[in-house]
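**Student:** For reference, the sequence and a predicted model appear below.
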Amino acid sequence: MLLRKDFMKTNEEINRLYEEINDTAQALVRSIPEGHVTDYEWLLEHIELAGQGGYQRRFRHYWRMNAARLGRGFYEVYFAKLAEARAREIELGPLMRDLRVPAKGRLQCSFATKLLHCVNPELPIYDSLVAGFYGFEPTANGLPEEKLRRLLTFYAFLKSEQVRVLEGGLLRPAMEAFRERFRPVRFTEQKVVDSLIWGMYRARQAGLVRGGAGVAVI
């Protein structure tokens with residue numbers, strides 16, 4: 001059984017990162033481009049168009065899917081699953097299994113969570129920046145089901161961590177700065193948290209805030 005201590009930072013370490021986000025909130029939110037907000041809101045507002053090529057191109061661009069070179073077969077299955085998820089609840093594990101074949105056997109956890117998030121924006125998003133922020137390292141070894149269980153364990157952690165952040169107000173100053181700057185309409189609290197973690201990395205890359213032992217791209 002996987003335990004949190006085996007692959008994640010402690011609450012104390014994570015809280016220090018939250019403090020850094022709050023302390024640099026103004027510079028951090030300035031590093032986030034306007035399109036990060038407006039393009040996302042367009043995707044959620046027009047999700048009923050998910051079967052159309054124009055929507056799918058914008059979706060793929062926003063979530064940086066094109067670089068993965070997954071091919072037409074994958075996208076046909078992927079957007080069919082997006083339509084299905086709008087009609088009935090789909091769990092992450094079965095979705096990742098369904099996407100493995102068109103993805104040539106790879107577990108597309110990041111794209112799977114983004115699909116589910118677009119249907120239910122209160123769900124967390126997994127990607128390499130989020131993984132690095134919390135100190136999670138997806139294993140490159142082991143059987144596919146072992147890798148899947150590890151990813152699902154971390155996803156469950158993300159859900160519980162979002163509750164801890166929101167109920168404890170751990171990112172309240174930075175979240176207020178984000179909403180004041182962008183005035184988003186469709187951003188849930190969960191999506192704001194995700195955007196702040198992404199913005200922290202962007203701000204460090206741009207030299208707007210000091211780098212440190214925090215975010216690592218994996």
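**Tutor:** Perfect, thanks for sending it.
**Student:** Follow the chain on from the longest helix belonging to the chain and name the next helix or strand.
**Tutor:** Criterion DSSP state H: the longest helix present in the chain is helix 144-168. Using DSSP states H and E, the helix or strand that follows helix 144-168 in sequence is helix 172-182.
**Student:** gap between Gly169 and Gly207?
**Tutor:** Here Gly169 is placed at a distance of 29 Å from Gly207 (CB to CB, to the nearest Å). Where C-beta positions appear, they are placed from N, C-alpha and C, glycine not excepted.
**Student:** just Arg150 next, same as before
**Tutor:** In this view, Arg150 and Gly207 are 34 Å apart by CB to CB.
**Student:** These two: which has the busier surroundings?
**Tutor:** Arg150 (20 against 10; other CB atoms under 10 Å).
**Student:** how big is the angle separating the longest helix of the chain from helix 172-182?
**Tutor:** Computed by axes from the mean of the first three to the mean of the last three CA atoms, to 10 degrees, the angle separating helix 144-168 from helix 172-182 equals 90 degrees.
**Student:** buried stuff in helix 144-168?
**Tutor:** Residues 147-148, 150-155, 157-158, 161-162, 165-166 are the ones in helix 144-168 that count as buried (16 or more other CB atoms under 10 Å).
**Student:** okay if I get those as JSON lines plus distance to Arg106 and pLDDT?
**Tutor:** Converted to JSON lines, these look like this (distance: CB to CB, whole Å; pLDDT from 0 to 100):
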{"residue": "Lys147", "distance to Arg106": "10", "pLDDT": "88"}
{"residue": "Leu148", "distance to Arg106": "11", "pLDDT": "91"}
{"residue": "Arg150", "distance to Arg106": "15", "pLDDT": "91"}
{"residue": "Leu151", "distance to Arg106": "12", "pLDDT": "94"}
{"residue": "Leu152", "distance to Arg106": "16", "pLDDT": "95"}
{"residue": "Thr153", "distance to Arg106": "19", "pLDDT": "93"}
{"residue": "Phe154", "distance to Arg106": "17", "pLDDT": "95"}
{"residue": "Tyr155", "distance to Arg106": "17", "pLDDT": "96"}
{"residue": "Phe157", "distance to Arg106": "22", "pLDDT": "95"}
{"residue": "Leu158", "distance to Arg106": "20", "pLDDT": "96"}
{"residue": "Glu161", "distance to Arg106": "26", "pLDDT": "97"}
{"residue": "Gln162", "distance to Arg106": "26", "pLDDT": "97"}
{"residue": "Val165", "distance to Arg106": "30", "pLDDT": "98"}
{"residue": "Leu166", "distance to Arg106": "32", "pLDDT": "98"}
